[in-house]
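Q: this one's structure only:
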C-alpha cells in the first residue's frame, strides 16, 4: 500500500472511529428512545434535558432488568403497570404541581427496588404505580397495610390497615366481624400469580352500597403489585 492509499485508509478509519465514539456518547447522554420520534410533551422535555434523559435511561434499564427476570404473567402485569405510568405522566404533564423530574426519579427508584428473586408466601412489601401493600406477621395471623392513590387529577386515596385472614389460596384483608362492621362489609382479596401479588376490592355481600369507607370517591385498590427487596 503506497503512502497516498495508506493516508486515505487511515483517514477512513479515523472517521469511522469518530462516528462510533460520537454515537456512543449520544446514546450515553440521550434518553432511552429516539428523539426524532418524540411526539408528546414529556418526550420532548426529556430530549431537551440531559438530567431528564439520564432519569429516563434509569427507568428503561430497571424496567428491562425486571422484565428479563420475571415470569411471563408478572411480565405482562409489569408491562401494564408501565403503560399506566406513561399514560398518567402524559396526562399530568404541564399541569400545576406536576414535576416530571420527580415523577421519573420516583419511577426509577420504584423499579430499581424490585425484588427479582422468587418470593414465597405473602410477607413483605409490594409496590405498583398506584401504591404500596405491606403484609407482616401479627400474633397468630397477619396484618396488612394498604395505601394507594387513583391516577386522576384529584388523586383520591385508599388507606386500609386490617387483619389478613387465609381463605384457601388467598388472603382476605378486613374479613373479621369487627372489621366488616367498621368497613361496611368491604374487603380486599389478595392472591398470588407468579412473582406478583394481585389485589381485588370486594363489595359487601348483597352488592355495593356506596363507596368503601377507607377509600375516596375513586377506589384504587386493584391490580398487580410487585415484590420490593427487604
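A: Perfect, I can see it now. Owing to the predicted nature of the structure, the values given are computational and were not obtained by experimental measurement.

Q: show me where this protein dips below the pLDDT cut-off.
A: For the chain, the stretches with pLDDT under 70 are 1-28.

Q: which residues of it fall in helices?
A: 3-29, 41-47, 50-69, 72-92, 100-112, 177-182 (DSSP state H).

Q: export these to JSON lines and tack on distance to residue 163?
A: In this view, the C-beta of every residue, glycine as well, is placed from N, C-alpha and C. Listed next are the helices of the chain as JSON lines, based on distance: least, CB to CB, whole Å:
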{"stretch": "helix 3-29", "distance to residue 163": "50"}
{"stretch": "helix 41-47", "distance to residue 163": "41"}
{"stretch": "helix 50-69", "distance to residue 163": "31"}
{"stretch": "helix 72-92", "distance to residue 163": "26"}
{"stretch": "helix 100-112", "distance to residue 163": "27"}
{"stretch": "helix 177-182", "distance to residue 163": "7"}
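
Q: closest to residue 230 out of those helices?
A: Relative to residue 230, the nearest member of the helices of the chain by CB to CB is helix 100-112, separated by 14.5 Å.

Q: for the lengthiest strand in the chain, packing partners?
A: What stands out as the longest strand in the chain, according to DSSP state E, is strand 157-167. Under the contact criterion of 3 or more CB pairs under 8 Å, 6 or more residues apart in numbering; DSSP states H and E, the helices and strands touching strand 157-167 comprise strand 131-138, strand 141-149, strand 170-173, strand 187-193.

Q: ok, which of the ones you listed comes nearest residue 70?
A: strand 187-193 (11.1 Å).

Q: any idea of the angle that closest one forms with strand 141-149?
A: Using axes from the mean of the first three to the mean of the last three CA atoms, to 10 degrees, one finds that strand 187-193 and strand 141-149 are set 100 degrees apart in direction.

Q: how distant is strand 187-193 from the center of its chain?
A: Averaging C-alpha positions (CA atoms, centre = their mean, to the nearest Å) puts strand 187-193 18 Å from its chain's average.
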